[in-house]
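*Asks:* Sharing a sequence plus its predicted fold:
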Amino acid sequence: MSWLEELARENKVFAPRYEGDAVIFAPFDPKQEISIKHAATMPPKKTVFPQSEKLVDFTYSKDPENLSRILIEAKEILPKGTTVVFGSRPCDVRGFTMFDRVYLAEKTTDVYYKARRENTSFITLACEKPETTCFCHWVDSSPSDASGSDVLATPIEDGYVLEPFSEKGQKLLTSSLLENGERWILEVKDVHENAAGFLANAPDLSQAPQKLLDVFDNMEFWENAAAKCLSCGACTYLCPSCYCFNITDETTGMKGTRFRSWDNCMSAQFTMEASGHNPRPTKAHRLKNRVGHKFSYYPAIHDGVISCCGCGRCIKSCPVGIDIREIVQEAINHEPAIGKE
Amino acid sequence: MGNPRSESNKGDQVKFQEELKDNIRKALPELDVVIGWCGSFDPLHATPHFMRREEDIDKLEISPLSVHNLATYLPGLRGKKVGIVVKGCDSRSVVELLQENLINREDITIFGFPCTGVVDQSKIKKALGGHTGNIEFCDMSESVIVIKSEDKAYTLPMAEMLADKCSSCRYPDAVISDYFAGEKIGNKGEEDADYAAVETFENLSVPERFGYWLKEFDRCIRCYACRNACPLCVCRDHCAAESRDPHWLSQENNVRDKLMFQVIHAYHLAGRCTECGECQRACPVDIPVLMFKQKMNKEIRDTFQYEAGVDPEATPPLLSFKMKEENITEKVW
Amino acid sequence: MSRPLARSKQMKDKNHYLPEMATINEVIQETHNIMTFRVTFNDPQVMENFTFQPGQVGQLSSFGTGEATFVINSPPTRKDYLQFSVMRTGEVTSKLHSLSEGDQIGVRAPLGNFFPYEDMKGKDIVFIGGGIGMAPLRPLMLYMLDNRKDYGKITLLYGARSPVDMAFNYELQSWLEREDLETHLTIDAKYEGWQHTVGLIPNVLLDIAPSSENCVAVTCGPPIMIKFTLQALEKLGFKDEQIVTTLEKRMKCGVGICGRCNIGSSYVCMDGPVFTAAQLKELPNEL
C-alpha cells in the first residue's frame, strides 16, 4: 500500500505478515505481503511494550582521586522516534487502555511507556466477522471499538474508510493519497452493525469481581480449573492487556544494563521470595491470580474496567485449550456447598 | 512404509470407545482421577479431560483431535492414584518416566487403544486458507475430514492432515498398558526410525542453517510452552533459562539466548525424548523446535543404538556408564 | 478509587526506575547475617531535600546484580544519613554484604505507605519485634521518642534466637536505660551470660500483658512469629484495628506497575507495606 510507504518515510511502520505459520506485527516491507484478513497471532504489544527494553545503562570507573574507589554512573535510555502500526484489531489496541491506567497514573508515570505510547499511532481495522473465540462484547467492547486507536479503518467494497479518533489520527489522514470518505459513512455503520450482529448475547459479568473473591479460598475450584494448565506463559504473552514485567541487570566487564522484560504471573518464579517462601506455590494459585487480576482486582481499582479485551487468543493459543470464559462463568455461577464453612 | 491403519474402519473406532469407557468405569473407584480427552471450544479442538466421577466418563471422546500428550501431567500428580489414556506415542513417554523413577508404576493405571493417528492443526489451517476461527462443523473419519467453515465446506484427505509423526508411526499401540480397548494394530519397533527430514536439513550449509534459526526464533516470545508441555522436562520451575544462579542466560529479547535455551533443553532430552512433538505443537507462534531433539535422537541412535520409551527396564544411555562403548573410539595411549 | 491519569505533558516526569546514586558512609556488622548501611546521596541537593515518613521503604540497587526492598530504618528527623539493615538471604543481599565504606549504591526511595503515627497520637504503643523485624519498628519508635509528649506509654519487646542474632546491639543498652521507654529483651533459649528474659516472643508478651485499652501494637518479624504474636494480642484483647504490621513481598518496580507484589487488588509497594490487621483480614488470604 503506497500510503504505508509514504508513512514509512518519517515513521517506523509495523504491519502484520506471515513469519513461518504465524502472523505477527513486523516492520513494514513493501516487498512482503501484509496479512490483515484475520486477526494476527500476536497482538502489536511489542510496539509500545517491547519484549525487552533497556532502562538504565551503567558504567563502572575508577575514581581518579582515590583509586581504591569505584564510581558508578547510571544513565537512563529513553526511547526515540515515531511509530505507526497498521492492521491491528480493536481488541489488540484496547489492551493499551488497560496499560494506560497503570503506566500513565499521575504519581507513578512510567516514562519509557509514555514515550512510546505518545509516539505510536494505531490504524485499527474494524472487524467484519468475529471468530468463535471472540468475546469482546462481554467486556464492554465491540468489533468496531476505537478506544486506544488513532484511526479506525473499516473495510468496504473498494477499500477502507478511515476515521480519525485522536489528534495523531487526524494528522495521519492528511496524506494526498487519501480521498474524502464522507460518502461511505452509512456503509461503515452497516459493517460495524453487521459484525456486532454475529455475536451472541453476552452474559452479565458485573458479578464477576465479587464472585471471584468469594471462591478465593476454594482451592478445589481452582485445582479443577488449573488441572490441565501447563503453567507456561503463552496466554500472558499473547494477551493485549497483560502488562507484568521483570527487571534484571546484565554486565559485561565495566559496563552493564538494567532492563525490563516480559514476565508472567503463571510462572512459578514470579512471586518466589529469597527466603524460599512462595505465596503462589501451585499452578492453581497462579491461575487464580491471573483470572482474579483480570476480572476482579483490576476492576476494583480502575472503575470496574475488566482487564480483558475478549480477543480469545488465550483460548486459541493455549496448548491445552483452557477457556477463561468457562472459568469466569463457573465462578459467577458457583454456589458454595451447603455445610461447608 | 505402509500406513498400518488403513485396515481398521470407523465401526471399530466407535466400538473401542465404549470398551475404553467400560475399562475406565471399572478402574475409577480405585483411582483419584483418570485423564483423557473431550471436546473443547470449537469442533476442531479437543482438550485434556480429568475424570473424577462416573458421570465425567460420558464426556470422554477419542478422536484424531486427541493430540495432547497427557503424560506431562503425571510427575505433578505423584502420590495420587492416576489413570491415563494413552496413544502409542504417549505410552512411550510413560515408559520413559517409569525408567527414570519419576512416577510409580503401582500408582499409574494405563488405558491403551488402537491409535490411527492425530491431525496437525497447522496443516488443516493451511488447507483452509490460513483461518480456523469460524469452524461450524467437523467430522473425522478414517480417510477423510469434513469441515464446514464460514459457509464453505472442505473435504480433506486424512493422510495429508496427519501429524508428521503419525505418517511414520511405528508404535500405534501402547507399549505398556493395564487395559487395552479394541484390536491392536501392531507395533513395528524393529523398523528403523525415520530421520530423513533432519538429514536433509543437515545437508544445508552452516550459514543457511543458522540463518533459518535466526529467522524462526525472532518471533519466539520465551513463553516456555515447549518446555512445560514436555513430559520429560524435569527442571521446569527451576529452569536454567530463568535462573540467576547459575546465570547462563539473560532475559533480553535476542536469538542467542533463545537458542541457548533450546540447546540446553535438547541436551537434557538426548536419549530421553520420544519425539511426541508436543514442544512443537504447543508453540503459539509455530516455531519448528522439534528438529533439535530429533537431531539429538538421531545421534543417540547412531552412537548407542538406543530408542527412548520402549523398555521400562532400560536406562537412557546418557544416564548410564559402560567401560567400553561400541561406537565411541577412545584415543590410543 | 482509581488512580488519576497524568495530566500535564509539559512537566518532565520523574523516571521511577532511575536510582539516585549514593555512597556508603558506614557499615556495621550487626550479626553474622545482618549488616547495616548508612548512606548519603552523592548529590547534596537531593540529600537536603529528601524527606520520608517512618515505615517507608527504598529499593537498594547493586548494579549488575539487581535490587531489593528495605525499610529506611533511620528516623525521619535524622538528616545526616539514611540507614538500611540488610539480612543476607539471596543474590542481591549477598552482593550488598560485600560492599564497604566508600562504595556506591543506587537508592530508589521513598516508596510505599507509612505508619499511621498521627492516628496513634495520645495512645499507648507496644512494639513487638523479632530478629530483623526490629528494623521497620526502629524509625517509628525513635520518631515517637523524639516527639515523646504526643504518645502515652511506649513499650518495646524485642526478641531473637540468641544474643548474637540481635540487631542494633549497640543501642539496646541505651534503650534499656531510658526512662520514657519500657524495654523487654528476650531470646528463644538459654545462653550463657544472658541476663534478661528467656522465652518465645508471644509467651513473653502474654507475661508482660500490656493493656489493650487505648493501645496500638506494632509488630514485625518472621511469619511464624507474627502468626503467634497476633494470637497472643487477640488474647490480650487487642482488636484488629489496634494492630499494625509491615509486610514483605518480592518487588521489582516498587511503584505498583509490574504487577508482582499484589495481594488481591492491594499492591504491597503502594498500598503497603504497612497494614493494620483489620486491613489484612479484608484482603484475600495470600500472604
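*Replies:* Structure received.
*Asks:* Quick check: residue C:65 vs chain B, distance?
*Replies:* 8 Å (CB to the nearest CB, to the nearest Å). C-beta: built from backbone N, CA, C; applies to glycine.
*Asks:* Spatially, and excluding backbone neighbours, which residue is closest to that residue.
*Replies:* residue C:95 (4.3 Å; CB to CB, 6 or more residues apart in numbering or on different chains).
*Asks:* To what extent is the one you found buried, counted in neighbours?
*Replies:* Under the neighbour criterion other CB atoms under 10 Å in any protein chain shown, residue C:95 is assigned a count of 18.
*Asks:* which residues in the stretch 151-287 of chain C form helices?
*Replies:* C:169-177, C:201-208, C:223-235, C:277-282 (DSSP state H, counting those that start in this stretch).
*Asks:* Next: the stretch 51-200 of chain A.
*Replies:* A:90-103, A:111-118, A:167-172, A:185-197.
*Asks:* Tabulate those helices (JSON lines), appending mean pLDDT.
*Replies:* Formatted as JSON lines, the helices of the stretch 51-200 of chain A follow (pLDDT from 0 to 100):
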{"stretch": "helix A:90-103", "mean pLDDT": "95"}
{"stretch": "helix A:111-118", "mean pLDDT": "94"}
{"stretch": "helix A:167-172", "mean pLDDT": "90"}
{"stretch": "helix A:185-197", "mean pLDDT": "91"}
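*Asks:* deepest of the helices of the stretch 151-287 of chain C, which one?
*Replies:* Of all the helices of the stretch 151-287 of chain C, helix C:201-208 has the most neighbours on average by mean count of other CB atoms under 10 Å in any protein chain shown, namely a mean of 20.
*Asks:* for that helix, what is the average pLDDT?
*Replies:* Averaged over helix C:201-208, pLDDT sits at 95.
*Asks:* now swap in stretch B:215-227 and tell me
*Replies:* Per-residue scores along stretch B:215-227 average to 96.
*Asks:* got the buried residues for that stretch?
*Replies:* B:216, B:217, B:218, B:219, B:220, B:221, B:222, B:223, B:224, B:225, B:226, B:227 (16 or more other CB atoms under 10 Å in any protein chain shown).
*Asks:* circling back: for the helices of the stretch 51-200 of chain A, which one ends up most surrounded?
*Replies:* Ranked by mean neighbour count, the helices of the stretch 51-200 of chain A are led by helix A:90-103 with a mean of 24 (mean count of other CB under 10 Å).
*Asks:* Does that helix pack against any helices or strands, and if so which?
*Replies:* Judged by 3 or more CB pairs under 8 Å, 6 or more residues apart in numbering or on different chains; DSSP states H and E, helix A:90-103 is in contact with helix A:45-48, helix A:111-118, strand A:120-125.
*Asks:* any chance of the helices of the stretch 151-287 of chain C in TSV, with distance to chain B too?
*Replies:* Output for these, formatted as TSV (distance: least, CB to the nearest CB, whole Å):
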stretch	distance to chain B
helix C:169-177	31
helix C:201-208	33
helix C:223-235	22
helix C:277-282	28
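*Asks:* picking that back up, would you turn the helices of the stretch 51-200 of chain A into a markdown table with distance to residue C:211?
*Replies:* Below are the helices of the stretch 51-200 of chain A laid out as a markdown table (distance: least, CB to CB, whole Å):
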| stretch | distance to residue C:211 |
| --- | --- |
| helix A:90-103 | 44 |
| helix A:111-118 | 51 |
| helix A:167-172 | 64 |
| helix A:185-197 | 66 |
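*Asks:* Of the buried residues of stretch B:215-227, which pair is most distant in space?
*Replies:* The span of the buried residues of stretch B:215-227, defined through CB to CB, is set by B:218 and B:227 at 19.0 Å.
*Asks:* Where does the prediction get shaky in the chain?
*Replies:* No chain specified, so I'll use chain A. For chain A, the stretches with pLDDT under 70 are A:1, A:337-341.
*Asks:* was after chain C, sorry
*Replies:* The model of chain C has pLDDT under 70 over residues C:1-11.
*Asks:* residues from it in reach of chain B?
*Replies:* C:66, C:91 (CB under 8 Å from any CB of the partner chain).
*Asks:* okay, now the domains of chain C?
*Replies:* As given by automatic domain parsing, the domain ranges for chain C are C:20-111, C:124-246.
*Asks:* Out of the helices and strands packed on helix A:90-103, flag the one nearest residue B:95.
*Replies:* Residue B:95 lies closest to helix A:45-48 among the helices and strands packed on helix A:90-103, at 41.0 Å (CB to CB).
*Asks:* give the contact list for the nearest residue to residue C:209 once chain neighbours are set aside.
*Replies:* Closest residue to residue C:209 apart from its sequence neighbours, by CB to CB, 6+ apart: residue C:236 at 6.3 Å. Going by CB atoms under 8 Å, 6 or more residues apart in numbering or on different chains, residue C:236 touches C:205, C:206, C:209, C:210, C:211, C:212.
*Asks:* where does the stretch 51-200 of chain B have low pLDDT?
*Replies:* For the stretch 51-200 of chain B, no stretch is flagged by pLDDT under 70.
*Asks:* Can you name the element that comes right after the lengthiest helix in chain B?
*Replies:* The longest helix of chain B (DSSP state H) is helix B:10-27. Proceeding N to C from helix B:10-27, the next assigned helix or strand is strand B:33-39, under DSSP states H and E.
*Asks:* Let me see the mean pLDDT of that following strand.
*Replies:* The average of the pLDDT scores along strand B:33-39 is 96.
*Asks:* what does it contact?
*Replies:* A:227, B:24, B:27-28, B:45-52, B:57, B:59-63, B:65-66, B:68, B:70, B:73, B:77, B:80, B:82-85, B:109, B:111.
*Asks:* Mark which of those are part of strands, please.
*Replies:* With strands taken from DSSP state E, the overlap with these comprises B:46, B:47, B:48, B:49, B:50, B:51, B:82, B:83, B:84, B:85, B:109, B:111.
*Asks:* which residues does the closest residue to residue A:2 other than its chain neighbours contact?
*Replies:* Among residues not flanking residue A:2 along the chain, residue A:177 sits closest, at 6.0 Å (CB to CB, 6+ apart). By CB under 8 Å, 6+ apart, the residues touching residue A:177 are A:2, A:3, A:6.
*Asks:* just those now: which is nearest chain C?
*Replies:* residue A:6 (27.3 Å; CB to the nearest CB).
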